[in-house]
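Chemist: fold the following and give me the result.
(one chain, ligands or ions: 1)
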Amino acid sequence: MEGATVAVVGGTGQQGSGIARRLARGGAAVIVGSRDPARAAATIATWAAPAGAIRSAGYREAIAAAAIVVLTVPFDTLAELLAQHHADFAAGALVVDVTVPVIFGAGTITLADIADGSAAEYVKARLRDDLRVAATFKTVPARLLNEIDQPLQCDEFVCGDSREARDGAMALVRTIDGLRPIDVGPLSRAAAIEHATLLAIAINRRHKIHDARFRVVGL
Ligand SMILES: NC(=O)c1ccc[n+]([C@@H]2O[C@H](COP(=O)([O-])OP(=O)(O)OC[C@H]3O[C@@H](n4cnc5c(N)ncnc54)[C@H](OP(=O)(O)O)[C@@H]3O)[C@@H](O)[C@H]2O)c1
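Modeler: Below you'll find the predicted structure:
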């Protein structure tokens, strides 16, 4: 990942901030894309990050400047975001979907029914054909990501629409110390990953913990 600029769109949020901070620590040049870049800049200033490794920008500027665009916004904001910025992505960019369409009800957690099959395929269906799409960072928990000095010691599932997309996302995951990427195949596997996130949330609730995550043995 040395040299690649990574935009984390929604990088002021819980999941995005942890990813942005840990990617910067791993040597990536990170742009936090925010609806309010000034507020984002104030947030970034509170992070202990290598000097100059993270800057903020509006969504349009962040998306246009990056070879890799990581989407960490709420799922239900994606349609508008992808329509608005359809033309802004750099040619051939890798788009990494992190969203999970979780619906929290009274004592229940479910996934939204998505006609495309998964959140990642929903993203793919709304992007230009020249862009590659992968899904990852969906099961690593936000709270632990933001405990920046705590080891993650877990695996992260990666799927993608091509070998190239998966390789790019695997390299991105490897940038973060303590995260092992696991290639699980085509983008259609994103549905299984999103269900795994639901499982992690359920484990957290049932066992009154915060950081349930996954490790594959035998690999
Ligand atoms: N939290 C987790 O443990 C976790 C784990 C796996 C996956 N995810 C996924 O990651 C995504 C972000 O989750 P999160 O927990 O980080 O959420 P969050 O804390 O609410 O952050 C989402 C960010 O998205 C941006 N955003 C854009 N439009 C928004 C809107 N209409 N309302 C609220 N925020 C908006 C905001 O950044 P600006 O205001 O700066 O633009 C905000 O900081 C979700 O799709 C979630 O399913 C989360």
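Chemist: for the closest residue to the ligand within the chain, which non-adjacent residue is closest in space?
Modeler: With C-beta to the nearest ligand atom as the measure, the residue in the chain that lies nearest the ligand is Gly13; the distance is 1.8 Å. No exception for glycine: its C-beta is placed from N, CA and C like everyone else's. Spatially, and ignoring its direct neighbours in sequence, Gly13 is nearest to Thr72 (5.9 Å; C-beta to C-beta, 6 or more residues apart in numbering).
Chemist: so who does that neighbour touch?
Modeler: Contacts were defined as C-beta atoms under 8 Å, 6 or more residues apart in numbering; by that measure Thr72 touches Val8, Val9, Gly10, Gly11, Gly13, Gln15, Gly16, Ile19, Val98, Thr99, Phe137.
Chemist: confidence score at the fifth one?
Modeler: In this case it means Gly13. On pLDDT, Gly13 comes in at 97.
Chemist: from Ser56, how far off is it?
Modeler: Here the distance between Gly13 and Ser56 works out to 13 Å (C-beta to C-beta, to the nearest Å).
Chemist: ok, the two, which is more surrounded?
Modeler: Regarding Gly13 and Ser56, a neighbour count based on other C-beta atoms under 10 Å identifies Ser56 as having more, with 24 against 19.
Chemist: distance of Ser211 from Phe75?
Modeler: Rather than Ser, residue 211 is Asp. With distances defined as C-beta to C-beta, the gap from Asp211 to Phe75 amounts to 22 Å.
Chemist: and these two? Which one has more around it.
Modeler: For Asp211 against Phe75, the residue with the higher neighbour count under other C-beta under 10 Å is Phe75, and the figures read 21 against 17.
Chemist: up against the ligand, what does this structure have?
Modeler: Listed as neighbours of the ligand in the chain under the rule C-beta under 6 Å from any ligand atom: 10, 12-16, 34-36, 40, 72-75, 77, 98-100, 102, 138, 141-142, 197.
Chemist: list buried residues within these.
Modeler: Buried by 16 or more other C-beta atoms under 10 Å: 10, 12-13, 15-16, 34, 40, 72-73, 75, 98-100, 102, 138, 141-142, 197, out of these.
Chemist: so which of those residues belong to helices?
Modeler: Among those, the members falling in helices (DSSP state H) are Gln15, Gly16, Ala40, Ala142, Thr197.
Chemist: which two of the residues you listed lie the greatest distance from each other?
Modeler: Among these, the pair separated by the greatest distance (C-beta to C-beta) is Ala40 and Thr197, at 25.0 Å.
Chemist: for the residue nearest to the spatial centre of the chain, give me phi and psi.
Modeler: Geometric centre of the chain, nearest residue: Val98, 3.4 Å, by C-alpha atoms, centre = their mean. Main-chain torsions, Val98, degrees, to the nearest 10: phi -110, psi -10.
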